[in-house]
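Participant: following is a predicted model, sequence given first.
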Amino acid sequence: MKKEYISDNPYVTLNIALLILNKLSQENWSDDGKKMIFAEGATVVAYALLDICRDVFGMSQELREKYISTKLTYGDSEATYINGLIESVTRYANEMLAEKIPKEYYNKNLVERMEIPAPHYTKNCIAIIERAYNNPEWYIDMLRNIDFILFEFMLKNQKFDYTLFSEHCKNYLVNEKLKACKNVLFFICSSAAVHLGDIWKEENDFVPQKIHNIEN
């Protein structure tokens with residue numbers, strides 16, 4: 001399953017994983033199947049987020065935000081190349097129309113230049129990256145911690161056990177690391193339009209369905 005998600009480009013990996021997870025609410029998989037797909041997809045997203053942190057290391061905050069937005073939008077393609085193609089197609093379309101429409105009816109911009117919007121989750125993705133930069137100890141082992149939560153509790157149809165999670169974290173920054181995991185899980189759920197409580201029925205409120213902001 002993870003082969004379907006993984007790309008050498010973490011931005012592409014993130015987009016593909018969220019697209020697949022979005023189908024959880026559209027397909028008639030079994031409850032166990034949904035849990036497995038969510039668990040695998042969530043760990044892939046967590047891995048991609050950490051890889052993005054590595055990719056933008058050393059950039060200023062302003063450059064990071066612009067770079068992440070561009071990469072999530074264009075993936076493996078170069079933005080200048082894609083925009084150049086759009087510009088050429090737009091110009092060609094207007095030239096063709098100019099030949100066919102009487103001058104008194106022709107408007108120079110009958111075909112407007114198409115803009116490619118960034119994915120709707122771009123702002124929250126950037127927010128996660130910034131929080132990881134501001135609190136590296138909370139997020140450095142976030143992949144391992146999310147893996148533990150999903151595979152030790154959710155896939156075993158159990159409620160979350162704070163004591164076991166504390167032992168897993170060796171009683172170090174437990175609340176902070178749990179907050180980091182919840183932030184990432186909220187990002188995944190909100191981006192893929194998935195309510196975790198519908199999948200992990202034993203923990204309906206582990207990640208609330210409606211949260212306005214990722215926690216600092």
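Facilitator: Received the coordinates, thanks.

Participant: who touches stretch 174-187?
Facilitator: Stretch 174-187 has contacts (C-beta atoms under 8 Å, 6 or more residues apart in numbering) with 42, 45-46, 49, 121, 124-125, 127-128, 131-132, 135, 137-139, 141-142, 145-146, 149, 162, 165-166, 169, 196, 206-208, 211, 214-215. All C-beta spots, glycine's among them, are computed from the backbone N, C-alpha and C.

Participant: emit the PyMOL select command for whichever of the residues you listed are buried.
Facilitator: In PyMOL, a selection of the buried entries from the contacts of stretch 174-187 looks like this (16 or more other C-beta atoms under 10 Å):
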select buried, resi 42+45+46+49+121+124+125+127+128+131+132+135+138+139+141+142+145+146+149+165+169+196+206+207+214
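
Participant: helices - which of the contacts of stretch 174-187 land there?
Facilitator: The helices, defined by DSSP state H, take in 42, 45-46, 49, 124-125, 127-128, 131-132, 137-139, 142, 145-146, 149, 162, 165-166, 196 from these.

Participant: Pro10 contacts Ala46, correct?
Facilitator: No: Pro10 is beyond contact range of Ala46, at 11.0 Å (criterion: C-beta atoms under 8 Å).

Participant: secondary structure element holding Ser69?
Facilitator: helix 61-74 (DSSP states H and E).

Participant: may I see the buried residues of that helix?
Facilitator: Buried residues in helix 61-74 (16+ other C-beta under 10 Å): Arg64, Glu65, Tyr67, Ile68, Ser69, Lys71, Leu72, Thr73, Tyr74.

Participant: residue contacts, the third one?
Facilitator: Put plainly, it is Tyr67. By C-beta under 8 Å, 6+ apart, the neighbours of Tyr67 are Val56, Met59.

Participant: can we see that at 10 Å?
Facilitator: Each residue near Tyr67 by C-beta atoms under 10 Å, 6 or more residues apart in numbering is listed here: Tyr11, Ile52, Asp55, Val56, Met59, Ser60, Ile126.

Participant: was I right to think the third one contacts Ile68?
Facilitator: Yes: applying C-beta atoms under 10 Å as the test, Asp55 and Ile68 come out as touching, 8.7 Å apart.

Participant: in this protein, what helix or strand scores lowest on average pLDDT?
Facilitator: The helix or strand of the chain with the lowest confidence, counting by mean pLDDT, DSSP states H and E, is helix 79-100 at a mean of 59.

Participant: check contacts around Ala193.
Facilitator: Leu18, Leu21, Asn22, Lys23, Leu24, Ser25, Gln26, His120.

Participant: again, only this time at 6 Å
Facilitator: Neighbour list for Ala193: Asn22 [criterion: C-beta atoms under 6 Å, 6 or more residues apart in numbering].

Participant: do you know how far it is from Asn134?
Facilitator: 28 Å (C-beta to C-beta, to the nearest Å).

Participant: now do Asp198
Facilitator: Relative to Asn134, and taking C-beta to C-beta, Asp198 is found at 32 Å.

Participant: quick one: list the elements packing against whatever helix or strand Ala17 lives in.
Facilitator: For Ala17, the host element (DSSP H and E) is helix 10-22. Under the contact definition 3 or more C-beta pairs under 6 Å, 6 or more residues apart in numbering; DSSP states H and E, helix 10-22 sits against helix 31-55, helix 174-192.
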